[in-house]
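J.: turn this into a model:
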Amino acid sequence: MSEKTAERRRDRRVPVELWIEAEAGDELYFHRAANLSVGGAYFDKTIPEPTGKVVQLRFALPGGDEIACKGEIVTAQDFAMGVKFLDLSEDDRLRIENLVQKLGG
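T.: Predicted coordinates for the structure are as follows:
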């Protein structure tokens with residue numbers, strides 16, 4: 001793993017199965033997240049967006065907590081992509097962190 005990849009993955013990731021809405025202009029997509037961290041999410045089985053694209057994200061954590069923030073597409077591969085959360089509120093960050101701790105053991 002490169003130093004840059006290791007730096008991007010410093011946040012603990014946990015496997016999840018949830019749908020995340022991504023909106024950019026008049027485009028609206030629903031992506032299935034395979035894993036989640038405080039720093040972002042990884043979508044699999046999806047058509048990737050171009051890296052660098054910024055989208056508005058909305059999703060509900062298990063238990064119903066609603067999260068809304070901007071995200072930047074940071075990796076794009078065949079039928080998968082990674083998104084970095086850009087403007088996550090402190091409350092939302094704590095909600096995700098609590099979920100990661102709960103699911104990660």
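J.: so Val100 is in which element?
T.: helix 90-104 (DSSP states H and E).
J.: which other helices and strands contact that helix?
T.: When contacts are defined as 3 or more Cβ pairs under 8 Å, 6 or more residues apart in numbering; DSSP states H and E, helix 90-104 sits against strand 14-24, strand 27-36, strand 66-77. Every C-beta, even on glycine, is put in place using the N, C-alpha and C of the backbone.
J.: in JSON lines, list those strands along with distance to Thr46.
T.: Compiled in JSON lines, the helices and strands packed on helix 90-104 are given as follows (distance: least, Cβ to Cβ, whole Å):
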{"stretch": "strand 14-24", "distance to Thr46": "9"}
{"stretch": "strand 27-36", "distance to Thr46": "5"}
{"stretch": "strand 66-77", "distance to Thr46": "10"}
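J.: could you dump these to CSV with mean neighbour count, mean pLDDT and distance to Leu94?
T.: Shown next, in CSV, are the helices and strands packed on helix 90-104 (neighbours: other Cβ atoms under 10 Å; pLDDT from 0 to 100; distance: least, Cβ to Cβ, whole Å):
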stretch, mean neighbour count, mean pLDDT, distance to Leu94
strand 14-24, 16, 95, 15
strand 27-36, 17, 96, 14
strand 66-77, 16, 97, 11
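J.: state the distance from the residue nearest the centre of the chain to Asp26.
T.: Among the residues of the chain, the one closest to the centroid is Ala41, at 2.3 Å (Cα atoms, centre = their mean). Distance, Ala41 to Asp26, by Cβ to Cβ, to the nearest Å: 23 Å.
J.: tell me the contacts of Leu18?
T.: Leu18 sits next to 32-33, 36, 59-62 when contact means Cβ atoms under 8 Å, 6 or more residues apart in numbering.
J.: same question for Val38.
T.: Val38 neighbours (Cβ under 8 Å, 6+ apart): 11-12, 85, 88, 93, 96-97, 100.
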